[in-house]
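[1] Sequence and predicted structure are below.
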Amino acid sequence: MAVQKSKKSKSKRNKRRSSNTQFKIPTLSIDKETGETHIRHFITKNGYYKGKQIIKNTKKKKKKSEQTENN
């Protein structure tokens with residue numbers, strides 16, 4: 001079995017290990033139907049995926065002012 005001639009420095013070791021720890025920007029797509037930008041292989045905010053509406057009724061959030069008036 002091969003034996004290294006001298007000890008690898010911390011700098012060399014860390015440079016080798018750092019190649020897998022970089023942040024990657026997710027790939028974005030534009031939906032055919034709505035033109036909405038979204039992450040690849042994910043549903044858009046309106047419930048579309050590959051130009052088809054998957055989730056039909058998305059719930060809308062109530063405003064805080066409306067919630068306080070009702071109570």
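    That came through, no problem.

[2] So residue 45 versus residue 25, what's the distance?
    Applying C-beta to C-beta, to the nearest Å, the value for residue 45 to residue 25 is 19 Å. In this view, the C-beta of every residue, glycine as well, is placed from N, C-alpha and C.

[3] quick one, which of the two is more surrounded?
    The neighbour count for residue 45 versus residue 25, taken as other C-beta atoms under 10 Å, is higher for residue 45 (12 against 5).

[4] For that one, which non-adjacent residue is spatially closest?
    Closest residue to residue 45 apart from its sequence neighbours, by C-beta to C-beta, 6 or more residues apart in numbering: residue 36 at 6.8 Å.

[5] residues touching that neighbour, list them.
    30, 44, 45, 46, 48 (C-beta atoms under 8 Å, 6 or more residues apart in numbering).

[6] Counting neighbours, which of the residues you listed comes out on top?
    Tallying neighbours with other C-beta under 10 Å puts residue 44 at the head of those, with 20 neighbours.

[7] Correct me if wrong: that residue contacts residue 32.
    No: between residue 44 and residue 32 there is no contact under C-beta atoms under 8 Å: 10.7 Å.

[8] remind me which residues of this protein are low pLDDT?
    Within the chain, the segments meeting pLDDT under 70 span 57-67, 69, 71.

[9] For it, which segments are assigned as helices?
    Per DSSP state H, the chain carries helices over the ranges 10-17, 64-70.

[10] Leaving out chain neighbours, which residue sits closest to the residue minimising distance to the centre of the chain?
    Among the residues of the chain, the one closest to the centroid is residue 26, at 5.6 Å (C-alpha atoms, centre = their mean). Excluding the flanking residues, the one nearest residue 26 by C-beta to C-beta, 6+ apart is residue 39, at 5.0 Å.

[11] separation between that neighbour and residue 47?
    Distance, residue 39 to residue 47, using C-beta to C-beta: 15 Å.

[12] The two: who's more crowded?
    Using other C-beta under 10 Å as the criterion, residue 39 and residue 47 rank with residue 47 on top: 14 against 11.

[13] ok, now which ones touch that one?
    Contact analysis of residue 47 by C-beta under 8 Å, 6+ apart lists 53, 54, 55, 56, 58.
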